[in-house]
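# sharing a model that was predicted from the sequence below.
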Amino acid sequence: MGERRRLTNLAYRLLGSLADAEDIVQETYARWYAQSEQQRAAIESPGGWLTTVAGRICLNQLGSARARRERYVGPWIPEPLPAHQEGGAAADPADRITLDESVHMAFLVVLESMTPAERVAFVLHDVFQYPFAEVAEVLGRSSAACRQLATSARRRVRAAPAPTTAASTQAGIVRDFKRAWEAKDVKGLMDLLDPDATVIADGGGLVGALLEPLSGRDSIVAAYLDLTRFVPATTFLERTVNGQPGLIAQVDGVTVTVFAFRIVDGRITHIWGVRNPEKLRPWTEDDTTRA
């Protein structure tokens, strides 16, 4: 059972969904305990067996997820994770996710652009340091083929604009964005946004959200001015989102949107707004706990 945290970390990075990661880990352990005691005793490396099984289930799910996301209403954004305090509820799976750079929203979005095989090869080898021989066991391919998959995945990562702003500076920029938003400071917002900035929102068809990415800071600010006329009284709070400075929006004390940012050269280039309530479970549970 000591492998559970590592498996949850692996599955979240492969699927971009905490709920799906929990299901994968449960299924992996179900298969473990479905074996006889003699079969389990014959496995030399239980951790390796569990990783292989979890990886294969994730690979299958990634294939079916692509079909599901073609039917998804609007853009699909990975499920955002809060930074729970040490000593929080030990039963909360979010506490078992290590918030390093491999779960930053910008990184997860790049992973979404990969084929299922590329993603599995890259995450297992480059993030979790598994040798290609073990990756080959998961993918059912040769080590050489897995090496090529990881190389292709790395090219996708290198092609994405990398954040070049220190975390402390990012926090200040996010704070300034929050203040400009609350003050309806158009000039302040324009100064903080890159000219080619993009906003992507995920409502999943369950709540109101942009159905297409919105690009260009002029368009973003114009849309913001329209939005402020219709939204209810909203409170914005600074929070850590997937290990980086972010914001949450609350209405009547309930989190309704989680915002993640990509900041390059001191300006915001991407804003991801997750509004799908099915993806906000860790955040709304946190609201209940605080209340």
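Yes, it's here. The structure displayed is predicted, hence computed values, not measured ones. Residues are numbered from 1 along each chain as shown.

# got any ranges where the stretch 1-150 of the chain has weak pLDDT?
Within the stretch 1-150 of the chain, the stretches with pLDDT under 70 are 1, 84-95.

# show me where it has its helices.
Here the stretch 1-150 of the chain has its helices, by DSSP state H, counting those that start in this stretch, at 4-15, 18-34, 37-41, 46-70, 105-112, 116-122, 132-139, 143-159.

# just those helices: most buried one?
Comparing the helices of the stretch 1-150 of the chain by mean neighbour count (mean count of other C-beta atoms under 10 Å), helix 116-122 ranks first with a mean of 24. No exception for glycine: its C-beta is placed from N, CA and C like everyone else's.

# what's that helix in contact with?
14, 55, 58-59, 62-63, 66, 111, 114, 135, 138-139, 141, 146, 149-150, 152-154, 156-157 (C-beta atoms under 8 Å, 6 or more residues apart in numbering).

# of the helices of the stretch 1-150 of the chain, give the one that comes closest to residue 254.
helix 18-34 (18.8 Å; C-beta to C-beta).

# farthest residue from the center of this protein?
residue 38 (38.9 Å; C-alpha atoms, centre = their mean).

# pull up the gap between that residue and residue 29, please.
Applying C-beta to C-beta, to the nearest Å, the value for residue 38 to residue 29 is 18 Å.

# repeat that for residue 66.
Distance of residue 66 to residue 29, given as C-beta to C-beta: 26 Å.

# do the same with residue 76
Using C-beta to C-beta, we find residue 76 at a distance of 27 Å from residue 29.

# again with residue 257
Residue 257 is 34 Å from residue 29, by C-beta to C-beta.

# compute the inter-axis angle for the one helix or strand residue 199 maps to and helix 105-112.
Residue 199 is part of strand 193-202 when elements are defined by DSSP states H and E. Interaxial angle, strand 193-202 versus helix 105-112 (axes from the mean of the first three to the mean of the last three C-alpha atoms, to 10 degrees): 60 degrees.

# what lies in contact with the helix or strand following strand 193-202?
Going down the chain from strand 193-202, the next helix or strand is strand 214-215, by DSSP H and E. Contacts with strand 214-215, where a contact means C-beta under 8 Å, 6+ apart, come from 196, 197, 198, 199, 200, 220, 223.

# hmm, try it at 10 Å
Residues from elsewhere that reach strand 214-215 (C-beta atoms under 10 Å, 6 or more residues apart in numbering): 195-201, 220, 222-224, 270-271.

# domains of the protein?
Using automatic domain parsing, the domain parsing of the chain gives 4-159, 167-290.

# residues near residue 130, how many?
Residues lying near residue 130 (other C-beta atoms under 10 Å) number 22.

# any idea how far residue 151 is from residue 158?
Counting by C-beta to C-beta, the gap from residue 158 to residue 151 is 11 Å.

# list the residues that contact the residue nearest in space to the middle of the chain.
In the chain, the C-alpha nearest the mean C-alpha coordinate belongs to residue 78, at 3.9 Å (C-alpha atoms, centre = their mean). Residues in contact with residue 78, defined by C-beta under 10 Å, 6+ apart, are 12-13, 15-18, 103, 105, 107-109, 111-112, 202, 242, 260, 272, 274, 279.

# stretch 117-132: how far from the chain's middle?
Stretch 117-132 sits 17 Å away from the centroid of its parent chain (C-alpha atoms, centre = their mean, to the nearest Å).

# residue 257 contacts residue 273, doesn't it?
Yes - with contact defined as C-beta atoms under 10 Å, residue 257 counts as touching residue 273 (5.3 Å).

# more neighbours: which of the two?
A direct count of neighbours by other C-beta under 10 Å for residue 257 and residue 273 places residue 257 higher, at 24 against 20.

# is that one in a bridge, and if so with what?
Beta-bridge partners recorded for residue 257 (DSSP bridges): residue 249.

# okay, it and residue 13: tell me how far apart.
From residue 257 to residue 13 the distance is 23 Å (C-beta to C-beta).

# how about residue 226, phi and psi?
Phi and psi for residue 226, reported as degrees, to the nearest 10, are phi -70, psi -40.

# secondary structure element for residue 260, which one?
Element membership for residue 260 (DSSP H and E) is strand 254-264.

# on contacts alone, who are the packing partners of that strand?
helix 105-112, helix 167-183, strand 193-202, strand 235-241, strand 244-251, strand 267-274, helix 281-290 (3 or more C-beta pairs under 10 Å, 6 or more residues apart in numbering; DSSP states H and E).

# check contacts around residue 79.
Shown in contact with residue 79 (C-beta under 10 Å, 6+ apart): 12, 15-21, 94, 108, 202, 242, 258, 274, 276, 278-283.
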